[in-house]
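Participant: Return atomic coordinates for the entry below.
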Amino acid sequence: MFKVIVVLVFCMLLVACDSQPSVDTKETENKEAKVEQVNEVNQEDTQSDQDNSQIQNEELDAKNYFEEMIKAIEENNKATFMSYQDGTNELFYKEQEVWLNEIEQKKSEGWDVSVVINNVTLESLDKGNLELKINMQHEDQNISNHITYPIHNINGTWKMNDLPFQKITDGPINLYYLPSLDSYADKVLADVKEIVDLYNQTFNWNPSEINIKLYDSVEEISASTAWPTLYGVAVPFTSLKFVVQGDYEVTYGFIKHEIVHTMLADISNDNAPPFMQEGLAIFISSAVTTDESGKLQLDYGNTADREKVILENTEEIKPIANLKDINYTEDSIDIYNIGFLITNYLIQTDGIEKYLEMVEFLKANDIIDKENIDREKIVYQYAIEALEQTYGSLDKLSEGYIDYYSKKQ
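Facilitator: Below is the predicted model of the structure:
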């Protein structure tokens with residue numbers, strides 16, 4: 001028994017002797033692992049610093065790169081400007097062509113327009129954002145608008161793309177909306193569809209495609225169209241844009257109005273001059289109402305209130321011939337007010353069917369390129385010819401509509 005105990009004690013001593021080195025080895029391994037972890041963290045920090053440095057350098061390079069685009073805007077160099085746009089987004093690419101044309105149009109109307117890069121920020125070496133500031137000044141108006149476009153590095157070249165719109169479609173209507181406007185999307189789409197159906201019934205308008213974009217700020221929508229202040233706009237054969245904020249009924253009013261512009265451009269080959277475009281848009285949007293069941297309808301008697309307000313704010317009921325050389329900057333009152341009065345007179349006295357006959361004469365002419373410097377004069381002449389072919393002598397037509405309103409003033 002004693003031998004057994006001795007043997008057991010001896011074995012325990014051996015085990016105790018063997019266990020001590022094992023503890024030291026684990027501590028050493030733990031220390032080495034911690035050192036390795038520290039080294040990995042240091043390496044990650046070093047890599048992160050290198051990546052941040054690369055991104056910062058690329059931001060400077062990208063800003064310098066897009067400065068050439070700004071120069072192209074100043075020089076109206078369309079080919080160079082368009083080379084910075086993402087051509088895979090066909091709608092955006094087309095809108096950017098229109099945008100540059102609008103910049104030049106505003107300059108021709110006396111606006112001092114400048115575009116500057118506010119900032120370039122990159123999320124990575126492949127994507128980021130470009131913030132543009134568009135300054136527009138005319139007499140006592142001095143307005144700045146901002147817009148931030150996504151940019152992507154495609155095959156080593158930076159390209160601008162559109163805002164992060166979501167999209168839903170119903171028939172020919174494509175509705176693009178910013179994520180912040182998700183709660184409005186279905187309602188706007190339903191309203192647009194109802195309005196398009198109503199206008200189709202009256203004007204036999206069957207659009208192949210209608211692209212609508214919703215913005216959540218006046219600054220962004222205005223910057224995207226090169227206008228000082230804008231709440232809604234229609235660009236023929238391209239898109240309609242609306243800002244949605246505050247009272248939706250205001251937006252709905254613009255929707256009714258601007259869709260008329262798209263329709264009239266379609267059914268006239270875009271040969272209706274500004275006073276006809278705005279005149280019909282005000283007239284029809286004022287006539288939109290609902291029947292007893294809540295269904296939309298056009299009631300031309302519903303324009304009486306608008307007529308009264310416009311007459312009260314129109315100093316001179318001008319002859320149609322005086323509308324030859326007008327622009328939105330200097331003559332907006334004539335474009336809208338006189339345009340409405342002429343349209344209201346034609347439809348109230350001779351009916352919508354005869355007005356549509358006049359539009360058919362406009363449609364018989366070819367579309368005039370937007371870049372044709374004489375476009376406005378040519379389109380005005382088309383309008384005069386169409387009016388005379390439908391209603392008779394322009395002088396007698398002017399006398400008739402002036403006398404019509406003179407009795408009401």
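
Participant: in the stretch 101-250 of the chain, which spans are strands?
Facilitator: For the stretch 101-250 of the chain, the strands identified by DSSP state E, counting those that start in this stretch occupy 112-122, 127-138, 141-154, 157-160, 166-170, 173-177, 210-215, 232-235, 239-243, in order along the chain.

Participant: Next secondary structure element downstream of whatever helix or strand Leu362 lives in?
Facilitator: Element membership for Leu362, per DSSP states H and E: helix 339-363. Reading on from helix 339-363 to the C-terminus, the next helix or strand found by DSSP H and E is helix 375-391.

Participant: now for that next one, which elements pack on it?
Facilitator: Here helix 375-391 is seen to pack against helix 339-363, helix 394-406 when contacts are counted using 3 or more Cβ pairs under 8 Å, 6 or more residues apart in numbering; DSSP states H and E. Where you see a C-beta, it was placed from the backbone N, CA and C, and this is true even at glycine.

Participant: ok, 10 Å please
Facilitator: helix 248-268, helix 274-287, helix 339-363, helix 394-406 (3 or more Cβ pairs under 10 Å, 6 or more residues apart in numbering; DSSP states H and E).

Participant: Buried ones in that helix, by neighbour count?
Facilitator: With burial defined by 16 or more other Cβ atoms under 10 Å, the residues of helix 375-391 counted as buried are 375-376, 379-380, 382-388, 390-391.

Participant: Would you mind giving these as a markdown table with distance to His257 and pLDDT added?
Facilitator: Conversion of these to a markdown table gives the following (distance: Cβ to Cβ, whole Å; pLDDT from 0 to 100):
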| residue | distance to His257 | pLDDT |
| --- | --- | --- |
| Arg375 | 23 | 92 |
| Glu376 | 21 | 91 |
| Val379 | 20 | 96 |
| Tyr380 | 22 | 96 |
| Tyr382 | 23 | 97 |
| Ala383 | 20 | 97 |
| Ile384 | 25 | 97 |
| Glu385 | 27 | 97 |
| Ala386 | 22 | 98 |
| Leu387 | 23 | 98 |
| Glu388 | 28 | 97 |
| Thr390 | 24 | 98 |
| Tyr391 | 25 | 97 |
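
Participant: State the pair within these that is farthest apart.
Facilitator: Greatest spatial distance in the buried residues of helix 375-391: Arg375 and Tyr391, 24.1 Å, computed using Cβ to Cβ.

Participant: re earlier: could you point out which of the helices and strands packed on helix 375-391 sits nearest Glu330?
Facilitator: Nearest to Glu330 among these is helix 274-287 (12.1 Å), distances taken as Cβ to Cβ.

Participant: Just the buried residues of the helix or strand just after that closest one, please?
Facilitator: Moving toward the C-terminus from helix 274-287, the first helix or strand encountered (DSSP H and E) is strand 288-290. Applying a neighbour-count criterion of 16+ other Cβ under 10 Å, one finds Val288 buried in strand 288-290.

Participant: starting at the chain centroid, how far to strand 288-290?
Facilitator: Averaged C-alpha coordinates place strand 288-290 at 27 Å from its chain's average position (Cα atoms, centre = their mean, to the nearest Å).

Participant: Against which helices or strands is it packed?
Facilitator: helix 182-203, helix 248-268, strand 296-298.

Participant: where does the protein dip in pLDDT?
Facilitator: Along the chain, the model assigns pLDDT under 70 to residues 1-50.

Participant: Outline the domain layout of it.
Facilitator: 57-160, 163-262, 269-409 (automatic domain parsing).

Participant: How far does the last one stretch from one end to the other?
Facilitator: Yep, that's domain 269-409 we're talking about. End-to-end distance of domain 269-409 (Cα to Cα, to the nearest Å): 36 Å.

Participant: Same question for the second one.
Facilitator: Using Cα to Cα, the end-to-end distance of domain 163-262 comes out at 23 Å.

Participant: doesn't Tyr84 make contact with Lys78?
Facilitator: No: using Cβ atoms under 10 Å, Lys78 makes no contact with Tyr84, being 11.4 Å away.

Participant: Name the residue in the two with the higher neighbour count.
Facilitator: Tyr84 (20 against 16; other Cβ atoms under 10 Å).

Participant: That one - nearest residue in space that isn't next to it in sequence?
Facilitator: Using Cβ to Cβ, 6 or more residues apart in numbering and skipping the chain neighbours, the partner closest in space to Tyr84 is Met69 (4.4 Å).

Participant: how near is Asn337 to Glu278?
Facilitator: Shown here: Asn337 relative to Glu278, a distance of 9 Å by Cβ to Cβ, to the nearest Å.

Participant: As a markdown table, the strands of the stretch 101-250 of the chain with mean neighbour count and distance to Phe92 would be great.
Facilitator: Conversion of those to a markdown table gives the following (neighbours: other Cβ atoms under 10 Å; distance: least, Cβ to Cβ, whole Å):
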| stretch | mean neighbour count | distance to Phe92 |
| --- | --- | --- |
| strand 112-122 | 15 | 17 |
| strand 127-138 | 18 | 14 |
| strand 141-154 | 16 | 9 |
| strand 157-160 | 18 | 8 |
| strand 166-170 | 12 | 12 |
| strand 173-177 | 21 | 10 |
| strand 210-215 | 23 | 10 |
| strand 232-235 | 21 | 12 |
| strand 239-243 | 24 | 9 |
